[in-house]
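In: Curious how this folds, go ahead:
(chains A, B, C, D, E and F)
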There are 4 protein chains.
Amino acid sequence: MLIDYQDGRPIYEQIVENYKRLILKGALEPAEQMPSVRQLATMLSTNPNTVQRAYMELERQGYLYSVKGKGSFVRREEGQRERIREEIRDRIREELGRARELRIDTEALLAELAEEERDARQKGGKG
Amino acid sequence: MLIDYQDGRPIYEQIVENYKRLILKGALEPAEQMPSVRQLATMLSTNPNTVQRAYMELERQGYLYSVKGKGSFVRREEGQRERIREEIRDRIREELGRARELRIDTEALLAELAEEERDARQKGGKG
Amino acid sequence: MLIDYQDGRPIYEQIVENYKRLILKGALEPAEQMPSVRQLATMLSTNPNTVQRAYMELERQGYLYSVKGKGSFVRREEGQRERIREEIRDRIREELGRARELRIDTEALLAELAEEERDARQKGGKG
Amino acid sequence: MLIDYQDGRPIYEQIVENYKRLILKGALEPAEQMPSVRQLATMLSTNPNTVQRAYMELERQGYLYSVKGKGSFVRREEGQRERIREEIRDRIREELGRARELRIDTEALLAELAEEERDARQKGGKG
DNA sequence: GTGGTCTAGACCACT
DNA sequence: GTGGTCTAGACCACG
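Out: Numbering: from 1, shown residues only, chains lettered A, B, ... in the order given. Have a look, this model is predicted:
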């Protein structure tokens, strides 16, 4: 995992995003132990407090749980993928709302995107 | 135009967003004069610096041009709507990318959204 | 407001609790400006970071909103009192659950408490 | 007995809670010998230190007594159930105090809870 | 060893 | 001035 110090977003937020992605992709097993706060801080050459804050946020959002004295662990719940799907759909709906305000043909826009997806799937499917 | 202090986003950013929207919707005519920095600052009971910053950003993004000693004016170019359409499409592509990473069926997702749009159009079209 | 350094609970949590109480009681008006992070830190002779953390938590829980460069403000929503009522009821239900496990007569317990409340109201109502 | 690592509460505290509950329910006889520290640590696949700490706490609270060289034993006194009843009543009083501060009608609240209890008893009583 | 809290002091973005 | 992020280093509770 890499932190982009040029990125405007705070470091702790980048850590959160990265781990959310990894957990949701299934790259990390449920109940798998996370690197310790100090360990990850060293790996990213950042401050333990920053990592701590990221872990706190991941715990609050339900991606992790921590046990004092033992470590932090992945909590992959069922239904999490569905929740994310809804979030993504909501964000796309927002974009479509903006488009509609400008009298852009949203159905045509979606059709173009659907075509892209279909093409990508056919090419990627054989790769 | 109203500023939502509870929004969390900085005020200057809200001003930028609001004017971008107004200009793109055509609510403001090309070459129309914008309120002066001090005027708008008073209207929004905010700081002139904040408005100044918003105008700078709008100018940088090509929505305004300013003439020293005269004021700021709307620059409505042709092709602007198309540029926005591309921006929106890119942001949706990003969301779809995230979905694909989680092995969510993006084509099904787009189909659902397209259906929503169609339904909304049919209902709204008669309203 | 006072911090109890003997209390086992962390300082930031005590700040959160105190302000939640004040806001819910109506002792702080909606949209009223909170003391600045640095100011409150000085008042409580604690570290600005600790206050910052408390404010962050209060914002996350919907009691506050912060505007960079301006300050933090009380956000008293409607329906908040009802939400709290539910929380309290849930915590009492938990206690009753524990009592039931020990075969304690919960209805008698509640009756005693109701009588206490009635007595207190009659005495307090005339004071 | 099971430890819930996702619970958040420290392990030793969960052990204390669990044994308090078992003893009060009468599931453990007075003077019954507790599993040895090492034994229970193995059973819960946790650290003997953790179990030791839980036993210390249970002893401090008067639920156990230990005999050097022999082991730990359950101390089920008379009057213990009454003590617990008082503890529960005090905790509910605290909750009612919080409710009163917000001008919530505590008598109505208690009435609702009493009704719930009555309903649960009638349904459960026949099950 | 682990996570959780706190201090002291810095820099940044925003008003 | 304000809030937000980060560093460096400390101490505590827990296992």
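In: so when I look at residue A:89, I'm seeing a strand, right?
Out: No. Looking at residue A:89 with DSSP: H, G, I helix; E, B strand; the rest coil, it is helix, so not inside a strand.
In: Tell me the secondary structure at the residue lying farthest from the centre of chain A.
Out: Distance from the C-alpha centroid of chain A, by CA atoms, centre = their mean, peaks at residue A:103 (31.7 Å). Per three-state DSSP, the secondary structure class of residue A:103 is coil.
In: Domains in chain A, by residue range?
Out: A:11-74, A:80-126 (automatic domain parsing).
In: circling back: against residue C:74, how distant is the residue farthest from the centre of chain A?
Out: Plainly put, residue A:103 is 40 Å away from residue C:74 if you go by CB to CB, to the nearest Å. Where C-beta positions appear, they are placed from N, C-alpha and C, glycine not excepted.
In: follow-up on the earlier one: identify, out of the domains of chain A, the most deeply packed stretch.
Out: domain A:11-74 (a mean of 16; mean count of other CB atoms under 10 Å in any protein chain shown).
In: do that one and DNA strand E meet at all?
Out: Yes. Domain A:11-74 lies within reach of DNA strand E by CB under 7 Å from any atom of the strand, at A:34, A:36-39, A:48-49, A:52, A:55-56, A:59, A:66-72.
In: restrict those to those near DNA strand F?
Out: A:48, A:49, A:67, A:68, A:69, A:70.
In: Out of the residues you listed, the closest to chain C would be?
Out: The closest of these to chain C turns out to be residue A:49 (CB to the nearest CB; 9.3 Å).
In: is stretch A:62-74 anywhere near chain D?
Out: Yes. With CB under 8 Å from any CB of the partner chain as the criterion, chain D is reached by stretch A:62-74 at A:65, A:66, A:67, A:68, A:69, A:70, A:73.
In: for the nearest residue to the second one once chain neighbours are set aside, helix, strand, or coil?
Out: For residue A:66, ignoring the flanking residues on the chain, the nearest one in space by CB to CB, 6 or more residues apart in numbering or on different chains is residue A:72 at 4.4 Å. At residue A:72, secondary structure determined by three-state DSSP is strand.
In: is it true that residue A:76 touches residue A:25?
Out: No. Using CB atoms under 8 Å, residue A:76 is not in contact with residue A:25; the gap is 10.6 Å.
In: The residues of stretch A:62-74 next to chain D in strands, which ones?
Out: In strands, judged by DSSP state E, the following of the residues of stretch A:62-74 next to chain D are found: A:65, A:66, A:67, A:73.
In: Report pLDDT for the second one.
Out: At residue A:66 the predicted local distance difference test score is 96.
In: cool, and the one 5 residues further on?
Out: What the model reports as pLDDT for residue A:71 is 95.
In: and the residue lying closest to it once chain neighbours are set aside, what does it touch?
Out: Spatial nearest neighbour of residue A:71, chain neighbours left out: residue A:33 (5.2 Å); criterion: CB to CB, 6+ apart. Going by CB atoms under 8 Å, 6 or more residues apart in numbering or on different chains, residue A:33 touches A:71, A:72, A:73, A:74.
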